[in-house]
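Asker: My questions are about this predicted structure, shown below with the sequence.
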Amino acid sequence: MPDVSGGNPGSGLPDSADRPNESGRRAILWACLIATCMAAIESTIVATIVPTIVSDLGGFNLFTWVFAIYVLTQAVSIPVYGRLADLYGRKPVFFFGVCLFLTGTVLCGLAPGMPSLVLFRAVQGIGAGAIQPIAATILGDVYKPSERGRVQGLVSSVFGVSAVAGPSLGAFLVQHIGWRAVFWVNIPFGIAAIVMIGIFLREKVERHSHRIDWAGSVLLLVGVGCPMLALVQGGTLGSAAILGLISVGVLALGALYLNERSVSEPMLPLELWRNRVIVVGSLGNFTSGAMMLGVSAFLPTYIQGAMGREALVGGLVLGAMSMTWAPASFLAGRIMGRTSYRTVAILGALSLVAGCGILLALTPAGRGVLAAAVPIWLATHRAVEDLLGEASPDRLRADLMALL
């Protein structure tokens, strides 16, 4: 989740925007919230429409990539956009990201087949990599430090709203209009965000000398993408192809390690991984995130395909799961104040295991889907993220948050 702290995910850049008046700041805030919601909702809104897409386009063996490629390209591109914002300013990078995202959105709605849909989702993800962090950086520029806590709360609430509204909205649109409308619904909001930022944000660009770790970004994409391809497509690939993909991934990760040791501004600072708390916390964050995203991706397909329910039911289930996100974050904050990060992290992990256990016992004729909602989404990341933020050095905290 982006941090409204001033400076972009790649460096602690001081304020570089002339702060507008209150009405201008409010317009910029709305533009950034709209853009953030637009990118965040794409991670959830597609979940409930995948069965409909597969029935129309075919390619069931590729449907996992509709989710995975979006998240993967978004994650890899975030550090690059942070450096570009230092070099060229926030506005042009924000405009580029939103325009690229909208281009991918239009193309997704026009996709003639599943392979092209996966490709266009990758375009969307590359654009989304600029939207969320740069929007948070813009807000950090135009709001004073004493005001940023309130703004950060609003930005955080956008993710909760997106998680709740996305599945239900997707199910509604696919039932009454068609699955292609699920992508096109973002277009007017993206245009509105561009117009408001263009009018109200007056930026004075102070160029800073930074090196962009292009090699690190490519190696990370290959190192993660190849094993993912072997894992997801293992049923359709031969043993030699699977072994080759895994080997390429391992070699790319090894090259990434050597690259990050030699460059002056690495995308993944190796210094972070010498801290045991950061290593363990990152592994926990990765595990819980993978489990929750897996449930969000496959549960609607199971509800519609195996249980024979409508898309709207799948959307309502994910919406019900997501409704516990905000109260869980609030409760986690209260518990952390009285106990410790460790207590909240353990309680969240136990809740996640309990929810997944209920889902494991679910049968096509079962009625216990909603029973898994509360424990799964009570497994909040907040404690882990706060703990890792405290454990990391100040100068590397933004890099760590971008990595998370």
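Answerer: That came through fine.
Asker: Can you report how many residues neighbour Ala35?
Answerer: Residues contacting Ala35 under the criterion other C-beta atoms under 10 Å number 30. For glycine as for every other residue, the C-beta is placed from the backbone atoms N, C-alpha and C.
Asker: What helices and strands are in contact with the one helix or strand it maps to?
Answerer: Element membership of Ala35, judged by DSSP states H and E, is helix 22-41. The contact analysis (3 or more C-beta pairs under 8 Å, 6 or more residues apart in numbering; DSSP states H and E) places helix 22-41 against helix 90-110, helix 114-142, helix 148-176, helix 187-200.
Asker: the domain parsing of this protein - what is it?
Answerer: The chain resolves into domains spanning 1-213, 217-262, 269-404 when parsed by automatic domain parsing.
Asker: And the second one, how far out from the chain middle?
Answerer: Once both centres are worked out by C-alpha atoms, centre = their mean, to the nearest Å, domain 217-262 turns out to sit 21 Å from its chain's centre.
Asker: go on, the first one?
Answerer: The chain centroid and the centroid of domain 1-213 are separated by 9 Å under C-alpha atoms, centre = their mean.
Asker: And for stretch 348-355?
Answerer: Put simply, stretch 348-355 sits 21 Å off its chain's centre (C-alpha atoms, centre = their mean).
Asker: Only C-alpha atoms, please: export that stretch in PDB.
Answerer: Extracted in PDB, the C-alpha atoms of stretch 348-355 (Å, rounded to 0.1, in the frame of the first residue of the first chain):
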ATOM      1  CA  GLY A 348      -3.600 -12.700  11.900                       C
ATOM      2  CA  ALA A 349      -1.800 -15.800  10.800                       C
ATOM      3  CA  LEU A 350      -4.100 -18.000  12.900                       C
ATOM      4  CA  SER A 351      -7.100 -16.300  11.500                       C
ATOM      5  CA  LEU A 352      -5.900 -16.900   8.000                       C
ATOM      6  CA  VAL A 353      -5.200 -20.600   8.700                       C
ATOM      7  CA  ALA A 354      -8.700 -21.000  10.300                       C
ATOM      8  CA  GLY A 355     -10.400 -19.400   7.300                       C
END
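Asker: my guess is Ile28 meets Leu201, correct?
Answerer: Yes - between Ile28 and Leu201 there is a contact under C-beta atoms under 8 Å: 5.6 Å.
Asker: Quantify the burial of Leu268 by counting its neighbouring residues.
Answerer: Leu268: 20 neighbours (other C-beta under 10 Å).
Asker: Just name the most buried of the helices and strands packed on helix 22-41.
Answerer: Neighbour counts (mean count of other C-beta atoms under 10 Å) averaged over each of the helices and strands packed on helix 22-41 peak at helix 114-142, with a mean of 25.
Asker: where's the closest residue to Val185 other than its chain neighbours relative to Cys37, distance?
Answerer: Using C-beta to C-beta, 6 or more residues apart in numbering and skipping residues adjacent in sequence, the residue nearest Val185 is Leu173, 6.6 Å away. Per C-beta to C-beta, to the nearest Å, Leu173 is found 16 Å from Cys37.
Asker: Same check on Arg261?
Answerer: The value you get for Arg261 to Cys37, if C-beta to C-beta is used, is 38 Å.
Asker: The helices and strands packed on helix 22-41: lowest mean pLDDT?
Answerer: Comparing mean pLDDT across the helices and strands packed on helix 22-41, the weakest is helix 148-176, with a mean of 73.
Asker: Give the next helix or strand downstream of it.
Answerer: helix 180-184.
Asker: what's that following helix packed up against?
Answerer: helix 90-110, helix 148-176.
Asker: Determine which of those helices approaches Leu33 most closely.
Answerer: For the helices and strands packed on helix 180-184, proximity to Leu33 was assessed by C-beta to C-beta; helix 148-176 is nearest, at 5.5 Å.
Asker: picking that back up, just name the most buried of the domains of the chain.
Answerer: Ranked by mean neighbour count, the domains of the chain are led by domain 1-213 with a mean of 20 (mean count of other C-beta under 10 Å).
Asker: What pLDDT is listed against the closest residue to Trp273 other than its chain neighbours?
Answerer: Leaving aside its chain neighbours, Trp273 sits nearest to Val279 (5.9 Å; criterion: C-beta to C-beta, 6+ apart). On the pLDDT scale, Val279 is placed at 76.
Asker: Spell out the secondary structure type for Val279.
Answerer: Assigned with DSSP: H, G, I helix; E, B strand; the rest coil, Val279 falls in the helix class.
Asker: returning to that earlier point: which one, of the helices and strands packed on helix 180-184, ends up nearest to Val50?
Answerer: helix 148-176 (9.5 Å).
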